[in-house]
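**Q** Dropping a prediction and its sequence here:
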Amino acid sequence: MKKKCAERIGFALLSSAAVLVILFLGIILWDIIGNGLGVISWPFLTQSPREGMTEGGIFPAILGTFLVSLITVVFAVPLGMGAAIYLNEYALAGRMTRLTRLAIRNLSGVPSIVYGLFGVVLFVQMMKFGTSVLSAGLTLALLTLPLTITASEEALKTVPKSYREGALALGATQWYAIRTNVLPYAVPGMLTGVILGLARAAGETAPILFTGAAFFLPHLPKSLFDQFMALPYHLYILATQHHDIAKVRPIAYGTALVLLGLILLLSTSAIYFRYRYRQRMRS
Amino acid sequence: MNSSIMSGEKIKMSTRELSFFYGKTPALKNISMEFCEKCVTALIGPSGCGKTTFLRCLNRMNDTIEGIRVEGEILLDHENIYDPEVDPVQVRRRVGMVFQKSNPFPKTIFENVAYGMRISGGYTKAQIAERVEESLKGAALWNEVSDRLNDSALALSGGQQQRLCIARALAVEPEVILMDEPASALDPIATQKIEELIQELKKNYTIIIVTHNMQQAARVSDYTGFFYLGELIEVDRTEKIFTNPGKKRTEDYVTGRFG
């Protein structure tokens, strides 16, 4: 009898924990969609902010986030995939490899504000890129690297060893075997990791705060060395830094919804990629 | 000792005092063995005796494993394949391999067989198509797949997949073919086909086959080597190994007293 009672309590606690998780997400979505949806309109998505950001749209912030994400992908993909291929296919188990893996694991635990400060020192000052799209994109690329590398390695590990050995036994060099008989089957999985990393980067504020994001700009960025507006930073300003917070609240909600939608789009496309990839590996 | 059993036959490949270590653990001890050209040599012995490790030394497939060490020599046409000057990639083009578990690539049947030719490049489309057909015929698979070369190789049955892997190895035009228990995962009919194929292939290739199945060794091979705990206990003509072995341990194994 006592056992049964404990069983019931345990079940109730555990299931309510699970339900709470859904509930929290539900509340957040309800709040943002409920307050933001009314603001979303074609002009809101395509126009610049006006009248001290109390009127107009958020197009510069959308464009800025898009441009920065592009830079992030351009740098994080080759670097992340390259490192993953090296670690999984070439590196011998030894002190150096262990150290590299340890470094990657630790990098994923570094707070994003620290990446931001690091970006200032390395890209803005030392490399003299200034506060710019390029500096911010590179900083975000660094931030996503651990995720990209880890996910890429996992994808490489799912390719059976027999594909590599089979190719080598036919006189392929290691690189040829990897290129023709490993990568084609690992790339969709690697892309999934890249997209998830990007989804995280696109929502970050701290790393771009000092490296390139601007409070407000009257014009769109013309080159990689220009400053830019970004969705998460714009949201932060509207929610906490604006002189008339109550008045811009709806715009803030609209911005949050656009950002959320963007990240959701990235995540679902990653899940779709992974699904397609698993189907293909099974057949 | 070995030269006495091969009367007048040309030696294609041989090992000289070959020892092999995983880290500090010796897996093969001082193995000297010869393989005559266009013969089938079977390697038998209980699990863990080193026969697969030995086989994988013969095309330097073990190079991909970390922390291994090889001592001694393996001669292919009198050239030591472990000489630092020798490129293991070139060795593997001359010494092909068929694995225990058939490992077709997730490509079409045609592309599986053409894979080896695409590595070296320099063939015309017609040459590749011709060689693919020849190889599939050589592996006794052509009649079964000629009308669906563009289907996925993974759709083939287990026995067909293994013959496809043999065709893939043939397409590189190797001189020696290593087979690591090629029929161990197949049903009796598929096994019989592989065994018939081996008899056919030996007209053109030197074949070295690891097998757990002693009847198979007796059926397909001209010479048999018995491995035990990393040592080559005995090698001789197959009928002698199975009827009148020279060593007590060999006799115990082939008569099923241990294994």
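**A** The structure has been received and is ready for your questions. Residues are numbered from 1 along each chain as shown, chains lettered A, B, ... in the order given.
**Q** what does the stretch 101-250 of chain B put close to chain A?
**A** Residues of the stretch 101-250 of chain B that fall close to chain A, judged by Cβ under 8 Å from any Cβ of the partner chain: B:101, B:103, B:105-106, B:115-116, B:118-120, B:152, B:154, B:165, B:168-169, B:172. For glycine as for every other residue, the C-beta is placed from the backbone atoms N, C-alpha and C.
**Q** hmm, 10 Å instead?
**A** Residues of the stretch 101-250 of chain B lying near chain A by Cβ under 10 Å from any Cβ of the partner chain: B:101-107, B:111-112, B:115-120, B:152, B:154-155, B:165, B:168-169, B:171-172, B:174, B:178.
**Q** hey, where'd the strands end up in the stretch 1-150 of chain B?
**A** Counting by DSSP state E, counting those that start in this stretch, residue ranges of the strands within the stretch 1-150 of chain B are B:11-22, B:25-36, B:40-44, B:68-76, B:79-80, B:95-98.
**Q** quick one, which of these is nearest to chain A?
**A** Judged by Cβ to the nearest Cβ, the one of those that comes nearest to chain A is strand B:95-98, at 4.1 Å.
**Q** wait, does that closest one contact chain A?
**A** Yes: Strand B:95-98 comes into contact with chain A (Cβ under 10 Å from any Cβ), by way of B:95-98.
**Q** May I see those arranged in TSV, with neighbour count and pLDDT as well?
**A** Listed next are the residues of strand B:95-98 next to chain A as TSV, based on neighbours: other Cβ atoms under 10 Å in any protein chain shown; pLDDT from 0 to 100:
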residue	neighbour count	pLDDT
B:95	27	96
B:96	27	95
B:97	25	96
B:98	26	96
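**Q** how about the strands of the stretch 1-150 of chain B, which one is nearest residue A:264?
**A** The closest of the strands of the stretch 1-150 of chain B to residue A:264 is strand B:95-98. By Cβ to Cβ, the value is 48.7 Å.
**Q** How far away from the center of its chain is the closest one?
**A** Between the centre of strand B:95-98 and the centre of its chain there are 6 Å (Cα atoms, centre = their mean, to the nearest Å).
**Q** on that earlier part again, return the subset of the residues of the stretch 101-250 of chain B next to chain A lying in helices.
**A** When those are checked against helices using DSSP state H, the ones located there are B:111-112, B:115-120, B:165, B:168-169.
**Q** among those residues, which two are most distant?
**A** Set against one another by Cβ to Cβ, those have their most distant pair in B:120 and B:165, with a gap of 18.9 Å.
**Q** Buried ones in stretch A:241-254, by neighbour count?
**A** Neighbour counts over stretch A:241-254 (16 or more other Cβ atoms under 10 Å in any protein chain shown) mark A:242, A:248, A:251-254 as buried.
**Q** now swap in stretch A:153-172 and tell me
**A** Of the residues in stretch A:153-172, A:153-156, A:159-160, A:162-172 count as buried by neighbour count, 16+ other Cβ under 10 Å.
**Q** picking that back up, could I get the residues of strand B:95-98 next to chain A as a markdown table with distance to residue B:229?
**A** As requested, those are arranged in a markdown table below (distance: Cβ to Cβ, whole Å):
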| residue | distance to residue B:229 |
| --- | --- |
| B:95 | 26 |
| B:96 | 29 |
| B:97 | 24 |
| B:98 | 26 |
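**Q** After the lowest-mean-pLDDT helix or strand in chain A, which helix or strand is next? Please name it.
**A** Least confident element among the helices and strands of chain A, by mean pLDDT, DSSP states H and E: strand A:55-56 (a mean of 82). The element immediately downstream of strand A:55-56 (helix or strand, assigned by DSSP states H and E) is helix A:59-85.
**Q** Next one: that next one, is it in contact with chain B?
**A** No: Helix A:59-85 stays clear of chain B (Cβ under 10 Å from any Cβ), getting no nearer than 15.6 Å.
**Q** what comes up buried for that helix?
**A** By 16+ other Cβ under 10 Å, the buried positions in helix A:59-85 come out as A:59-65, A:67-69, A:71-73, A:75-77, A:79-81, A:83-85.
**Q** to the chain's geometric centre, what's the distance from the helix or strand that that helix is followed by?
**A** From helix A:59-85 onward toward the C-terminus, using DSSP H and E, the following helix or strand is helix A:95-107. Remark: helix A:95-107 is offset 22 Å from the chain centroid, using Cα atoms, centre = their mean.
**Q** now for helix A:95-107, which elements pack on it?
**A** With contacts defined as 3 or more Cβ pairs under 10 Å, 6 or more residues apart in numbering or on different chains; DSSP states H and E, the packing partners of helix A:95-107 are helix A:59-85, helix A:133-157.
**Q** who touches residue B:211 in this structure?
**A** Residue B:211 is in contact with B:42-45, B:51, B:179-184, B:217-221, B:224, counting by Cβ atoms under 10 Å, 6 or more residues apart in numbering or on different chains.
**Q** Please pick the buried ones from those.
**A** With burial judged by 16+ other Cβ under 10 Å, the buried subset of these is B:42-45, B:51, B:179-183, B:217-221, B:224.
**Q** Report the two of those residues separated the most.
**A** B:180 and B:218 (18.6 Å).
**Q** which parts of the stretch 101-250 of chain A sit against chain B?
**A** Taking Cβ under 10 Å from any Cβ as the criterion, the contact residues of the stretch 101-250 of chain A with chain B come out as A:159-174, A:176-177, A:180-181, A:184-185.
**Q** Show the contacting residues for the closest residue to chain B within the stretch 1-150 of chain A.
**A** With Cβ to the nearest Cβ as the measure, residue A:92 is the residue of the stretch 1-150 of chain A nearest to chain B, at 5.6 Å. Residue A:92 is in contact with B:66-67, counting by Cβ under 10 Å, 6+ apart.
**Q** so residue A:194 touches residue A:69, yeah?
**A** No: with the criterion set as Cβ atoms under 10 Å, residue A:194 and residue A:69 do not qualify as a contacting pair; they are 11.0 Å apart.
**Q** what do these two both touch?
**A** A shared contact of residue A:194 and residue A:69, defined by Cβ under 10 Å, 6+ apart, is any residue touching both; here these are A:144, A:266.
**Q** Rank the ones in helices among the residues of the stretch 101-250 of chain B next to chain A by pLDDT and give me only the lowest.
**A** The lowest pLDDT within these belongs to residue B:120, which sits at 86.
**Q** Wait, it touches residue B:93, no?
**A** Yes: here residue B:120 reaches residue B:93: they are 7.7 Å apart, a contact under Cβ under 10 Å.
**Q** Give me the more crowded residue out of those two.
**A** Set residue B:120 next to residue B:93 and count neighbours by other Cβ atoms under 10 Å in any protein chain shown: residue B:93 wins out with 20 against 13.
**Q** Isn't that one up against residue A:173?
**A** No: Residue B:93 is not in contact with residue A:173 according to Cβ under 10 Å; the separation is 11.0 Å.
**Q** what sits in contact with each of those two?
**A** Here residue B:93 and residue A:173 have B:87, B:119 as joint contacts, going by Cβ under 10 Å, 6+ apart.
**Q** Distance across stretch B:231-246, terminal residue to terminal residue?
**A** Using Cα to Cα, to the nearest Å, the span of stretch B:231-246 from its first residue to its last is 15 Å.
**Q** in it, what counts as buried?
**A** For stretch B:231-246, using 16+ other Cβ under 10 Å, the buried residues are B:231-238, B:240-242, B:245.
**Q** Quickly list what's touching both of residue B:120 and residue B:93.
**A** With the criterion set as Cβ under 10 Å, 6+ apart, the overlap between the contacts of residue B:120 and residue B:93 is A:170-172, B:172.
**Q** need those in a markdown table with distance to residue A:128, pLDDT and secondary structure, can you?
**A** Shown next, in a markdown table, are the shared contacts of residue B:120 and residue B:93 (distance: Cβ to Cβ, whole Å; pLDDT from 0 to 100; DSSP: H, G, I helix; E, B strand; the rest coil):
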| residue | distance to residue A:128 | pLDDT | secondary structure |
| --- | --- | --- | --- |
| A:170 | 50 | 95 | coil |
| A:171 | 49 | 93 | coil |
| A:172 | 44 | 94 | coil |
| B:172 | 54 | 94 | coil |
